[in-house]
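Visitor: Please find the sequence and the predicted model below.
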Amino acid sequence: MIRDLTDDEARAALPLKWETPGVVPAWVAEMDYRQAEPITEALVDAVRRGALGYPPHGDDLGAAFSGFAARHWGWEVGPEASMPTGGVMSGIRIALEVLCPPGPVVVPMPCYPPFRDVVAVTGRELVPVPLDPDSDDTRLDLAAVSRSFAAGARTLLLCNPHNPLGHVPSREELAALAALAREYDARVISDEIHAPLVLDGATMFTPYLTVDDRAIVVTSASKTFNMPATHGAQLVLPEPADRERLAAVPIPAQNTWSALGVVAGTVAWRDCDDWLDALRGRLSTQRGLLVDLVADRLPKARMRPLRATYLAWLDLRDHGVADPAAAALAHGVRVAPGHDYQPGLDGHVRVNIATSPDRLEQVVDGLAAAVGTPG
């Protein structure tokens, strides 16, 4: 059910990821797989009907997400809680500007780079909470969060599950964060775009709103179902007062997204469970292949357990190359440099495993050649 794109198909479908001729790309978070057929059919039908106008005030996206959340996580969230927005980052921005108290913003590190950008754009001070790169523990440093809240921070940007660490927080871990947020009257914005991508053997995903009903969740079907160009995300806001505040802003969040995002997101949440099950199985197999390839060809590498997403975090410092991503590019492989996710962090890379087995092997071989241990 999961079909690999050929190189030519991938260049046509994913022009940013595949923009450099002669380079195997494993950097940006797009999958080299064909989308689920119900999504393709729904989008083609919408275009043929000329359904390219502004989205309606009422749609089926919230109900579709509610059904998905109930089936997969046992989470009962009403469709009225979902408000549309153009993308996850635009949703985070409007949440920061309209719904969050003033003050610095805590951002666990390493982080998805736009987390830092959105804090700057909204005029807030960023308070980093870095992970010790030598620690085996990928859990959030709650003691550091407490100190940050005590010093005046009143918002935390959470990535649940985490990109790039692949960590799936337990319910207990999230409940402890929620207790801190209540103690300091802080708000948590939880980016849950990777929530459906928990892999075999991992802790079950816990929606953050099930432990903290004052939080703000931002999510989208785009990452799981490989359709970022549709520009359809959702703010999940159980509190009516939050929805009323957003509806009252001069440029409503609803006006920033695409009608095709409504179509694609609704079909993805409602009709593509079989495709998603096949995808998770495929990604779990790819994860196993990566573990074997790294053990064989990058013997000094340290790979944090990949429990969710399709983005593996590799520590190559013991191979002695400060910027392995730059070195790998000279060997025909593009991966994401670790310093993009934590400024000043040498020797790390993020690798996209959502590709064919052959391409994944080429990626690891390129990294091995770059750090002086060719397979």
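Guide: Happy to help now that I have it.
Visitor: distance between the lowest-mean-pLDDT helix or strand in the chain and the chain's centre?
Guide: Least confident element among the helices and strands of the chain, by mean pLDDT, DSSP states H and E: strand 82-85 (a mean of 90). Centre-to-centre, strand 82-85 and its host chain are 17 Å apart (CA atoms, centre = their mean, to the nearest Å).
Visitor: got the CA positions of the helix or strand following that strand in PDB?
Guide: As assigned by DSSP states H and E, the chain's next helix or strand after strand 82-85 is helix 88-98. What follows is helix 88-98, C-alpha atoms only, in PDB (Å, rounded to 0.1, in the frame of the first residue of the first chain):
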ATOM      1  CA  VAL A  88       1.300  24.800  12.300                       C
ATOM      2  CA  MET A  89       3.800  27.700  12.600                       C
ATOM      3  CA  SER A  90       1.100  30.300  11.700                       C
ATOM      4  CA  GLY A  91      -1.100  28.700  14.300                       C
ATOM      5  CA  ILE A  92       1.700  28.900  16.900                       C
ATOM      6  CA  ARG A  93       2.300  32.500  16.000                       C
ATOM      7  CA  ILE A  94      -1.300  33.600  16.400                       C
ATOM      8  CA  ALA A  95      -1.500  31.600  19.700                       C
ATOM      9  CA  LEU A  96       1.500  33.400  21.100                       C
ATOM     10  CA  GLU A  97       0.200  36.800  20.000                       C
ATOM     11  CA  VAL A  98      -3.400  36.400  21.000                       C
END
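Visitor: what's the angle from the next helix or strand after helix 88-98 to helix 88-98?
Guide: Using DSSP H and E, the next helix or strand after helix 88-98 towards the C-terminus is strand 105-109. Between strand 105-109 and helix 88-98, the angle formed by their directions is 150 degrees, by axes from the mean of the first three to the mean of the last three CA atoms, to 10 degrees.
Visitor: Neighbouring strands of strand 105-109 in the sheet, and parallel or not?
Guide: Strand 105-109 has the following sheet partners, assigned by DSSP bridges: strand 126-130 (parallel), strand 155-159 (parallel).
Visitor: What is the next helix or strand after the last one packed up against?
Guide: From strand 155-159 onward toward the C-terminus, using DSSP H and E, the following helix or strand is helix 171-183. For helix 171-183, the packing partners by 3 or more CB pairs under 8 Å, 6 or more residues apart in numbering; DSSP states H and E come out as helix 142-150, strand 155-159, strand 187-191. The C-beta positions use only the backbone N, C-alpha and C, and glycine is treated the same way.
Visitor: How far off centre is the last one?
Guide: Think strand 187-191. Put simply, strand 187-191 sits 13 Å off its chain's centre (CA atoms, centre = their mean).
Visitor: Return the angle between stretch directions for it and helix 142-150.
Guide: Taking the same axes, to 10 degrees, one finds strand 187-191 and helix 142-150 inclined to each other by 130 degrees.
Visitor: about what we covered before: and Arg334, which of the helices and strands packed on helix 171-183 is closest to it?
Guide: Of all the helices and strands packed on helix 171-183, strand 155-159 sits nearest to Arg334, with 22.8 Å by CB to CB.
Visitor: For that closest one, which outside residues touch it?
Guide: With contact meaning CB atoms under 8 Å, 6 or more residues apart in numbering, strand 155-159 is reached by 92, 96, 100-101, 103-108, 111-112, 115, 118-119, 124, 140, 145, 177, 181, 186-191, 194, 208.
Visitor: Just the buried ones from these?
Guide: When those are checked for burial by 16 or more other CB atoms under 10 Å, the buried set is 92, 96, 100, 103-108, 111-112, 115, 118-119, 124, 140, 145, 177, 181, 186-191, 194, 208.
Visitor: what mean pLDDT does the helix or strand hosting Leu276 have?
Guide: Using DSSP H and E, Leu276 falls within helix 273-297. Rounded to a whole number, the mean pLDDT of helix 273-297 is 98.
Visitor: and if you look at stretch 136-150?
Guide: Mean pLDDT, computed over stretch 136-150, is 95.
Visitor: buried set for it?
Guide: Residues 138-141, 144-146, 148-149 are the ones in stretch 136-150 that count as buried (16+ other CB under 10 Å).
Visitor: helices and strands around the host helix or strand of Leu246, which ones?
Guide: Taking DSSP H and E as the criterion, Leu246 maps to helix 240-247. With contacts taken as 3+ CB pairs under 8 Å, 6+ apart, helix 240-247 sits against strand 82-85, helix 88-98.
Visitor: quick check: angle from the next helix-or-strand element following that helix to helix 273-297?
Guide: Once the chain leaves helix 240-247, the next helix or strand it forms, by DSSP H and E, is helix 259-271. Following the same axes, to 10 degrees, one obtains 90 degrees for the angle between helix 259-271 and helix 273-297.
Visitor: what sits up against helix 259-271?
Guide: With contacts defined as CB under 8 Å, 6+ apart, helix 259-271 is touched by 36, 38-39, 42-43, 46-47, 51-56, 59-61, 64-65, 67-68, 84, 86, 220-222, 224-225, 227, 230-234.
Visitor: The helix holding Leu276: what's the following helix or strand?
Guide: Moving toward the C-terminus from helix 273-297, the next helix or strand (DSSP H and E) is strand 302-303.
Visitor: What strands flank the helix or strand following that next one, and is each parallel or antiparallel?
Guide: Scanning forward in sequence from strand 302-303 by DSSP H and E, the next helix or strand is strand 311-315. Paired strands of strand 311-315, with direction, are strand 302-303 (antiparallel), strand 348-352 (antiparallel) (DSSP bridges).
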